[in-house]
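Asks: coords please:
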Amino acid sequence: MAKLRQTAECWMMPVLTVAMGVGATVAVYVPQSHKLQSIKTGIASRKLVLADNSKKAAVVPRMMREVQVLKSRYKDFDSRLPRSKELGGFLQEITAIQQNSALVDPRMETGSPVSEELFNTMPIKMRLRGRYMALTDFLRRLGQMRRLTRVQRLMVSIPQQEGDDLSVELLLNIYFTKN
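Replies: Presented below is the predicted three-dimensional model:
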């Protein structure tokens, strides 16, 4: 019996060690391995989402270039079309630009309004005389007007004698909405 007891005690330690190893495996390794597998699956799915988002984001630089092209094409789109009742103020603004540009003998003739599909157009014929810088200043200010104005024709006459003023005749259209 003592020998049996001694044999049982000898086997007890290896059996207990194996039992602890199996218990640790069941209690720690298996749950951790499931958790690790879940994390790996999450990483794989997020990589797919990231790849999909990268493909979608790849078009952004091309779209930014297209936006810049459209901005330059429609840079004057925010110019305002005045109502016909504001036409007097519009003509006063052009006259003020003439006077502030140091031009000599400015003359302006307005034509009859022409009805287009969505707006009205009024041609204005202007004759101006002045130094080159005064004329360029006038044209620059004309182009900076908030209201929509377009120069249709510009004719510059060279002075006959040195020191004389340049003579300019221009035809411009102003636009306004229908009532």
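
Asks: just say helix, strand or coil for R46.
Replies: helix (DSSP: H, G, I helix; E, B strand; the rest coil).

Asks: in terms of pLDDT, where does it sit?
Replies: pLDDT recorded at R46 is 92.

Asks: ok, it - contacts?
Replies: By CB atoms under 8 Å, 6 or more residues apart in numbering, no residues touch R46. C-beta here means a position set from N, CA and C on the backbone, and glycine is covered the same way.

Asks: distance check, it against K40.
Replies: 11 Å (CB to CB, to the nearest Å).

Asks: repeat that for V30.
Replies: 16 Å.

Asks: just Q32 next, same as before
Replies: Q32 is 12 Å from K40, where distance means CB to CB.

Asks: try Q144
Replies: Distance from Q144 to K40, by CB to CB: 63 Å.

Asks: same check on L50?
Replies: Distance from L50 to K40, counting by CB to CB: 15 Å.

Asks: got it, and F176?
Replies: Where K40 is concerned, F176 sits at a distance of 68 Å (CB to CB).

Asks: in its sheet, which strands sit next to the helix or strand containing T121, and in what direction?
Replies: Using DSSP states H and E, T121 sits in strand 119-130. As defined by DSSP bridges, the strand partners of strand 119-130 come to strand 104-110 (antiparallel), strand 114-115 (antiparallel), strand 166-177 (antiparallel).

Asks: which among those strands is found nearest to T17?
Replies: Smallest distance to T17 across the strands paired with strand 119-130 (CB to CB): 94.8 Å, for strand 166-177.

Asks: restricting to C-alpha, output that closest one in PDB.
Replies: The C-alpha coordinates for strand 166-177 follow below in PDB (Å, rounded to 0.1, in the frame of the first residue of the first chain):
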ATOM      1  CA  LEU A 166      -6.100 108.800 -78.700                       C
ATOM      2  CA  SER A 167      -9.600 108.600 -80.100                       C
ATOM      3  CA  VAL A 168     -11.600 105.500 -79.100                       C
ATOM      4  CA  GLU A 169     -14.900 104.300 -80.300                       C
ATOM      5  CA  LEU A 170     -16.500 101.400 -78.600                       C
ATOM      6  CA  LEU A 171     -19.700  99.500 -78.800                       C
ATOM      7  CA  LEU A 172     -20.700  97.800 -75.600                       C
ATOM      8  CA  ASN A 173     -23.800  95.900 -74.500                       C
ATOM      9  CA  ILE A 174     -25.400  96.100 -71.200                       C
ATOM     10  CA  TYR A 175     -27.800  93.400 -70.000                       C
ATOM     11  CA  PHE A 176     -30.800  93.500 -67.800                       C
ATOM     12  CA  THR A 177     -33.600  91.200 -66.800                       C
END
